[in-house]
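**Student:** pasting the sequence and the predicted model now:
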Amino acid sequence: MAARREDLADVRNIGIMAHIDAGKTTTTERILYYTGKSYKIGEVHDGTAVMDWMEQEQERGITITSAATTCFWKNTKINLIDTPGHVDFTIEVERCLRVLDGVVAVFCAVGGVEPQSETVWRQADKYSIPRIAFINKMDRTGADFQRSVGMIATRLGANPLPLQIPVGNEAEFEGVIDLIEEKMLVFTEQSLGQDIIETDIPAPYIETFAAARMALIEKLADFDEGVMENYLNDTQVSKAEIYSALRRATLALNIVPVLCGSAFKNKGVQPLLDSVVRYLPSPLDVPDIEGTDSDGLPVRRAADPDGKFCGLVFKLMSDAFVENLAFIRIYSGKLMLGTRVFNPVKGKLEKVAKILKLHANKREEVGELLAGDIGAIAGLKFTTTGDTLCEKDDFIILESMDFPDPVIGIAIEPKSKAEEKKLADTLQKIAVEDPSFSISVNGDTGQTIISGMGELHLEIIVHRLLNEFKVSANVGKPQVAYKETLTTVGRAEGKFDQLTGAKGQYGHVILEAEAIARGEGFRFVNRVDKEQIPEMFLAAVKRGIEDSLDAGPLLGYPLTDIQVTLIGGSYHEDDSTEMAFGIAASMAMRRATLEAEPVLLEPLMNLEVVTPDDYLGAVVSDLNSKRAKIVGVDTVGHLQTVKAHVPLSEMFGYSTSLRSETQGRASFTMQYLEYDVIPDVKGKI
C-alpha cells in the first residue's frame, strides 16, 4: 500500500487560466492530442473543441463552464481543468482554483497581461498556487515576448523567469530555444507538431541565448544556495541542478517559469507539458489540507490513500442521466463505490451511487477515487457546492469557498400558468449548479428576479432556460421599486354615512399622518377613548389605513415610514359597522397624505468599485454623473477601492459601462442600503 502514496508524486492537478481569447481552450485541445486523449485536434472557431461541449460555448467560441479531464504524459497523470476567461464566469475559476495544486497561466503575446489575467492571477495568489506562464500566439502580428514577460512582472507583481526564447516572430515564428538544454526546438507542420526536431542554436541567436541563459542562472542563484555557490565560483551549473532549483523556486512561489509558443500552430505545447511535470506540485508537495473538527479546533490531513477519507465538493452540475453530478477533490483516504459518507456541514449521510472519471461531458465509471484524484459522484441528495465529505464516524470541515453576491438582475415570468412549476424547478436546478446565480421575488411587484454576475451570465442562463430546458417564459428588466413618504403633518376627516335598505352605514374618523424615521415602516397610534369610537371598530380603522398604504398620493407607489394617529371621530349605536369605519379611514388617509407634502423615495445601493490607479478619475467622474455620493477611497497597492452610495435606477447596465471605461480591469459589488428622497422631485421621476 505504501507504493500508492509514492504514486502521488506522479500526479498533477492543474488548471488552465487566462483572459478571454488568450487561447486556453486551444492549448488544452493540443495537450489532449499530444497526450493521446484525443485522436483529432478540436478547434474553438469550428465549434469542435472537446472541452467546450456546451451548445452556447460552441456558438459563442468561449468557455462558460469549467471542464475536467485526465491525461498522461511521460508516466505522470495530469488531472486538467480548463476554466472560463470571461469576467462574468469568475466564480467558475474561483471554485476550480480552490482544489487545484498548480496552474498554467496562458497569455496572448499581443495583448500581454490583459484585464481578466489580473483577476485570475489574484485568485491564484489567494490560494498560494504555483504557476507556469505560457505566452501563446507568438505567430500573431504584434506578438512581443519580452513585452509580455515585462507585463507579468509589472502588472502582476510576479517574478517571471523565461526558460525559452522564441526564434522568429509573428508570421516568421519558427520554434523556441531551450535555455537549459541549449537546443533549438522545431515543431514539424506535417505531423501537426508531434515530431520535434532538435537543432543547434542558429548563429544570429547565439548572443541573445547566452545573455538569456546567464540571466536565468543569476535569477536562480537568488533563490538557491547550490546555484549561488557554483555561480560565485564560476563553476558550471549542471542541467539537473537547474531543474531541481527551478522546481524548488516555483513551489516556493519565488518564480514563475515562462515558456512560449503558438498552440493554434501546434508549436511549443510539449515543452509546456514537460514543465508541468517538472515544476508544478504533486499532491505530496502541497501543505496538508487543514479543516476544523466538531469542536472547531484545527485538524490536518495528509495526502495519503491509507488515511481517513475526506474530500471537498467544488461544483455541482445538472445531468440528463443521473440528476446531478458532484465534482470532488479527494484530499486523503479513498472514496469507494457503494459506501456511505458523512456530510458534516449538513449533518447528513450520503450514499455514493456512482463514481465517475470525467472527460469534458463524457464520463467513465470507476470503483474508487484515491487521495489526489479529481472526479465526480452521482447520487448525492443533500450536498451543495463547498461542502466537505468524510467517513461516517469522522468529522472534519474543510474551508469552504466565498461566492460574491450577484450584481445584476432581470425579471422573468412564465408565459402560462402551466409553465409556473417548470420555471420554478428549472431555476432551482440552475441555482444549485451556480452559486453566483440567485432567485428572489420582489415583494412590491411580485416579479421573480433572477440575478447574476453580468449581462452575459444572465443572457446564457436565459438561453439555457428557453432552449436547453424548453421553458416558455417572458424576460424583461426589473422595475425599480420606488416608494412614497411624507414630509409634514397632514390632518383630515373621513365620514361615511349611507343608508342601505333598512340599516344604515356610519363611520367617522379624524386622522393625523406624519413621517417617522427612515426604515421604520408604518405605525398606528390611537388617541381616542371608547366613548368616541368603541374598541370593536379600531381594527377596521387600522385595516382601512393599511389598505390605503399600497398606493400613495403621488404616483401610486407604496407609502412607507409614516405614523398615523387616530385623534377623533364618532359612531352611531345602530348604524356603525366595521366596513363603514374602514371606508372612512381610507378616505381620511387619502386627504391627510395629500396635505402632508408627499415625496418620492428611491432605493440607494452601497457600491464598491475596485479599479487600477489609472482609471480612478474616469470611475469617479462616471459615478458623479449617476448622482452617486462618494463616501471614501481606499488604496491597496496599485488598486483603488471607491465606496459610494448610488441610486439603483442609475445602475442598470453599469457592469458594461464600467468595463468599457476601464478596459475590463475594474470590478464592483453592490448591495441594498436604504430608501432616500429623490432630490428636487415633487411627484416626478
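**Tutor:** Alright, I've got the coordinates.
**Student:** can you give me the first-to-last residue distance of stretch 163-170?
**Tutor:** 20 Å (CA to CA, to the nearest Å).
**Student:** centre of the chain to it, how far?
**Tutor:** Centroid separation for stretch 163-170 versus its chain: 35 Å, with CA atoms, centre = their mean, to the nearest Å.
**Student:** try stretch 326-333
**Tutor:** That offset, for stretch 326-333, works out to 21 Å (CA atoms, centre = their mean).
**Student:** go through it and flag the buried ones.
**Tutor:** 326-333 (16 or more other CB atoms under 10 Å). C-beta here means a position set from N, CA and C on the backbone, and glycine is covered the same way.
**Student:** show me where the stretch 1-150 of the chain has its strands.
**Tutor:** Here the stretch 1-150 of the chain has its strands, by DSSP state E, counting those that start in this stretch, at 11-17, 67-73, 76-82, 102-108, 131-136.
**Student:** ok, back up a step: looking at the buried residues of stretch 326-333, which are in strands?
**Tutor:** 326-332 (DSSP state E).
**Student:** dump the strands of the stretch 1-150 of the chain to JSON lines, plus mean neighbour count and mean pLDDT.
**Tutor:** Formatted as JSON lines, those follow (neighbours: other CB atoms under 10 Å; pLDDT from 0 to 100):
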{"stretch": "strand 11-17", "mean neighbour count": "25", "mean pLDDT": "89"}
{"stretch": "strand 67-73", "mean neighbour count": "20", "mean pLDDT": "81"}
{"stretch": "strand 76-82", "mean neighbour count": "23", "mean pLDDT": "85"}
{"stretch": "strand 102-108", "mean neighbour count": "26", "mean pLDDT": "92"}
{"stretch": "strand 131-136", "mean neighbour count": "27", "mean pLDDT": "95"}
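**Student:** need those strands in CSV (columns: distance to P558).
**Tutor:** Below are the strands of the stretch 1-150 of the chain laid out as CSV (distance: least, CB to CB, whole Å):
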stretch, distance to P558
strand 11-17, 47
strand 67-73, 47
strand 76-82, 48
strand 102-108, 50
strand 131-136, 53
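**Student:** what sits up against the longest helix along the chain?
**Tutor:** If you go by DSSP state H, the chain has its longest helix at helix 578-595. By CB atoms under 8 Å, 6 or more residues apart in numbering, the list of residues contacting helix 578-595 from outside reads 486, 488, 490-496, 498, 505-513, 533, 536-537, 539-545, 547-549, 552-553, 559, 562, 564, 569, 571.
**Student:** buried sites along whichever helix or strand comes after it?
**Tutor:** Counting by DSSP states H and E, the element after helix 578-595 in chain order, helix or strand, is strand 598-612. The neighbour-count check on strand 598-612 (16+ other CB under 10 Å) flags 598-605, 607, 609-612 as buried.
**Student:** elements contacting strand 598-612?
**Tutor:** strand 483-486, helix 616-625, strand 639-647, helix 654-662, strand 667-677 (3 or more CB pairs under 8 Å, 6 or more residues apart in numbering; DSSP states H and E).
**Student:** 10 Å - rerun?
**Tutor:** Under the contact criterion of 3 or more CB pairs under 10 Å, 6 or more residues apart in numbering; DSSP states H and E, strand 598-612 touches helix 115-126, strand 483-486, strand 503-515, helix 616-625, strand 629-636, strand 639-647, helix 654-662, strand 667-677.
**Student:** so for the next helix or strand after the third one, mean pLDDT?
**Tutor:** Right, strand 503-515. Downstream of strand 503-515, the first helix or strand assigned by DSSP H and E is strand 522-526. Across strand 522-526, pLDDT averages out at 90.
**Student:** show me where the stretch 401-550 of the chain has its strands.
**Tutor:** Under DSSP E, counting those that start in this stretch, the stretch 401-550 of the chain gives strands at 408-414, 438-441, 448-452, 473-475, 483-486, 490-500, 503-515, 522-526.
**Student:** now the last one: buried residues?
**Tutor:** Across strand 522-526, burial judged by 16+ other CB under 10 Å covers 522, 524.
**Student:** contacts for it, please.
**Tutor:** 511-512, 514, 516, 533, 535, 538, 541-543, 545-546, 549, 558-567 (CB atoms under 10 Å, 6 or more residues apart in numbering).
**Student:** which of the residues you listed fall in helices?
**Tutor:** Reading helices off those with DSSP H, I get 538, 541-543, 545-546.
**Student:** reformat those as a markdown table; add distance to G311 and neighbour count.
**Tutor:** Converted to a markdown table, the ones in helices among the contacts of strand 522-526 look like this (distance: CB to CB, whole Å; neighbours: other CB atoms under 10 Å):
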| residue | distance to G311 | neighbour count |
| --- | --- | --- |
| L538 | 61 | 17 |
| V541 | 62 | 27 |
| K542 | 56 | 18 |
| R543 | 56 | 16 |
| I545 | 58 | 24 |
| E546 | 53 | 17 |
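**Student:** for the strands of the stretch 1-150 of the chain, which one sits closest to V93?
**Tutor:** Among these, the nearest to V93 by CB to CB is strand 11-17 (5.9 Å).
**Student:** what packs against the closest one?
**Tutor:** helix 24-34, strand 67-73, strand 76-82, helix 90-97, strand 102-108, helix 115-126, strand 131-136, helix 269-279.
**Student:** that strand pairs with which strands?
**Tutor:** strand 76-82 (parallel), strand 102-108 (parallel) (DSSP bridges).
**Student:** nearest to E468, out of these?
**Tutor:** strand 76-82 (20.6 Å).
**Student:** output that closest one as CSV, nothing but the C-alphas.
**Tutor:** Extracted in CSV, the C-alpha atoms of strand 76-82 (Å, rounded to 0.1, in the frame of the first residue of the first chain):
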residue,chain,number,x,y,z
THR,A,76,2.6,11.3,-15.0
LYS,A,77,-1.2,11.5,-14.5
ILE,A,78,-2.5,15.0,-15.2
ASN,A,79,-5.9,16.0,-14.0
LEU,A,80,-6.7,19.0,-16.1
ILE,A,81,-9.4,21.7,-15.7
ASP,A,82,-10.0,24.3,-18.5
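**Student:** quick one, it and strand 67-73 angle?
**Tutor:** Note on geometry: by axes from the mean of the first three to the mean of the last three CA atoms, to 10 degrees, strand 76-82 and strand 67-73 are set 150 degrees apart in direction.
**Student:** on that earlier part again, quick check, nearest of the buried residues of strand 598-612 to I20?
**Tutor:** For those, the nearest to I20 is P612 (18.3 Å; CB to CB).
**Student:** would you confirm that the closest one contacts Q663?
**Tutor:** Yes: P612 is within contact range of Q663, at 9.1 Å (criterion: CB atoms under 10 Å).
**Student:** pLDDT wise, what is V149 at?
**Tutor:** Reading off the model, V149 has pLDDT 95.
**Student:** ok, F223 next?
**Tutor:** 92.
**Student:** quick one: contacts for it?
**Tutor:** Neighbours of F223 in contact, by CB under 10 Å, 6+ apart: 159, 161, 245-246, 248-250, 252, 254-255.
**Student:** please repeat the previous calculation with a cut-off of 7 Å.
**Tutor:** 249, 254-255 (CB atoms under 7 Å, 6 or more residues apart in numbering).
**Student:** am I right that it sits in a helix?
**Tutor:** No: going by DSSP: H, G, I helix; E, B strand; the rest coil, the assignment for F223 is coil, not a helix.
**Student:** look up how far T26 lies from it.
**Tutor:** 32 Å (CB to CB, to the nearest Å).
**Student:** can you list the buried residues in the longest helix of the chain?
**Tutor:** Buried residues in helix 578-595 (16+ other CB under 10 Å): 578, 580-589, 591-595.
**Student:** now do stretch 306-315
**Tutor:** 307, 309-315.
**Student:** determine which stretch of the helices and strands packed on strand 598-612 is the most buried.
**Tutor:** For these, the largest average neighbour count (mean count of other CB atoms under 10 Å) is found in strand 483-486, namely a mean of 23.
**Student:** can I get it in CSV, CA atoms only?
**Tutor:** In CSV, the C-alpha atoms belonging to strand 483-486 read as follows (Å, rounded to 0.1, in the frame of the first residue of the first chain):
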residue,chain,number,x,y,z
LYS,A,483,-41.9,54.3,-2.5
GLU,A,484,-43.5,57.4,-1.2
THR,A,485,-43.4,59.1,2.2
LEU,A,486,-44.5,62.4,3.9
